[in-house]
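>>> just need the structure, nothing else, for what follows:
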Amino acid sequence: MYVSYVARRARTRSREPHQLPPGRHGLPRAFVVENQRARILSAVADVTSVAGFGEMTVEDVIVTAGVSRRTFYEHFKGKDEAFLAAFDAVLAQLLSSVREASEREKHGADRLRAGLAAFLDFVAREPAFARMCIVEALAAGGEAVKRRNAAMAAFARIIDENASALGTPVQPSALTAETIVGGIYEVIYTRVVRGDIRELPLLLPDLMWSALLPYVGPEAALAEYHRLRDQFAETA
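Model prediction:
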């Protein structure tokens, strides 16, 4: 069974660098609590990415995190609550990365490109978290789906904000940003399921073309596509 496999694999591993030493260590209680919580959230992503949410158990999480069952339940009521906490933590970090990247740029197209690049780089860099948020959230129940939908709406607002800075006379539908985010989500979802997460940053030129097209028209969108493709070719 999967559970015994995860437990067996985890018990044969040496202690990870982020794990605290056993016994008395003199560390502040607040630090210990935060460390335990972070390990649990990371373990939720690791286990979910291997087994899927449906097969994940609390036993899997505590063994992978290197914490006791009592410690787990001091933080969370069960696996559903732990999953939602992990989802929220990753989403907050991802949104912050996207916004910070966008706000470093002055012009609308550059802001959109920087935000999208930050998103793709984050997902490629954190495959376990990516699978948890993008794929497994759909299997984690109504509350998880609700939060996923809220996350997509937040990304649509970022596109709307950046699109308004493009200075274009084109006035697309109010659903445009939502449609763009839905399309990007589907592209990323497919590649995460296939295991092609590392290739995601390479999709930036094509995704930028799709995102810009409704706002600036085909000519300007194509020019940005070729500009990014040339940059990728120079750095290859």
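
>>> all contacts plus neighbour counts: C-alpha atoms, from now on.
Noted.

>>> tell me how far S49 lies from P218.
Look at S49 and P218: by CA to CA, to the nearest Å, they are 38 Å apart.

>>> I meant to write R191 there.
R191 is 26 Å from P218, by CA to CA.

>>> domains of the protein?
Following automatic domain parsing, one finds the domains of the chain at 2-76, 89-235.

>>> same list (those) but as CSV, adding distance to F83 and mean neighbour count.
Formatted as CSV, those follow (distance: least, CA to CA, whole Å; neighbours: other CA atoms under 10 Å):
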stretch, distance to F83, mean neighbour count
domain 2-76, 6, 16
domain 89-235, 8, 17
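
>>> out of those domains, point me to the one whose mean pLDDT is lowest.
Ranked by mean pLDDT, those bottom out at domain 2-76, which scores a mean of 73.

>>> where does Q171 sit: helix, strand or coil?
coil (DSSP: H, G, I helix; E, B strand; the rest coil).

>>> ok, it - contacts?
Counting by CA atoms under 8 Å, 6 or more residues apart in numbering, Q171 makes contact with Y215.

>>> OK, contacts around V67?
Neighbouring residues of V67 by CA under 8 Å, 6+ apart: Q36, I40.

>>> from G52, how far off is it?
Plainly put, V67 is 21 Å away from G52 if you go by CA to CA.

>>> okay, the strand or helix carrying V193 in PDB with CA atoms only?
Assigning secondary structure by DSSP states H and E places V193 in helix 176-194. C-alpha atoms of helix 176-194 as PDB (Å, rounded to 0.1, in the frame of the first residue of the first chain):
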ATOM      1  CA  THR A 176     -11.100  38.900 -20.900                       C
ATOM      2  CA  ALA A 177      -8.700  38.700 -18.000                       C
ATOM      3  CA  GLU A 178     -10.700  35.800 -16.500                       C
ATOM      4  CA  THR A 179     -10.500  34.000 -19.800                       C
ATOM      5  CA  ILE A 180      -6.800  34.500 -20.100                       C
ATOM      6  CA  VAL A 181      -6.200  33.200 -16.600                       C
ATOM      7  CA  GLY A 182      -8.400  30.200 -17.300                       C
ATOM      8  CA  GLY A 183      -6.400  29.400 -20.500                       C
ATOM      9  CA  ILE A 184      -3.100  29.800 -18.800                       C
ATOM     10  CA  TYR A 185      -4.300  27.600 -15.900                       C
ATOM     11  CA  GLU A 186      -5.300  24.800 -18.400                       C
ATOM     12  CA  VAL A 187      -1.900  25.000 -20.100                       C
ATOM     13  CA  ILE A 188       0.000  24.700 -16.800                       C
ATOM     14  CA  TYR A 189      -2.400  22.000 -15.500                       C
ATOM     15  CA  THR A 190      -1.700  19.800 -18.500                       C
ATOM     16  CA  ARG A 191       2.000  20.100 -18.200                       C
ATOM     17  CA  VAL A 192       2.000  19.500 -14.400                       C
ATOM     18  CA  VAL A 193       0.000  16.300 -14.900                       C
ATOM     19  CA  ARG A 194       2.400  15.200 -17.700                       C
END
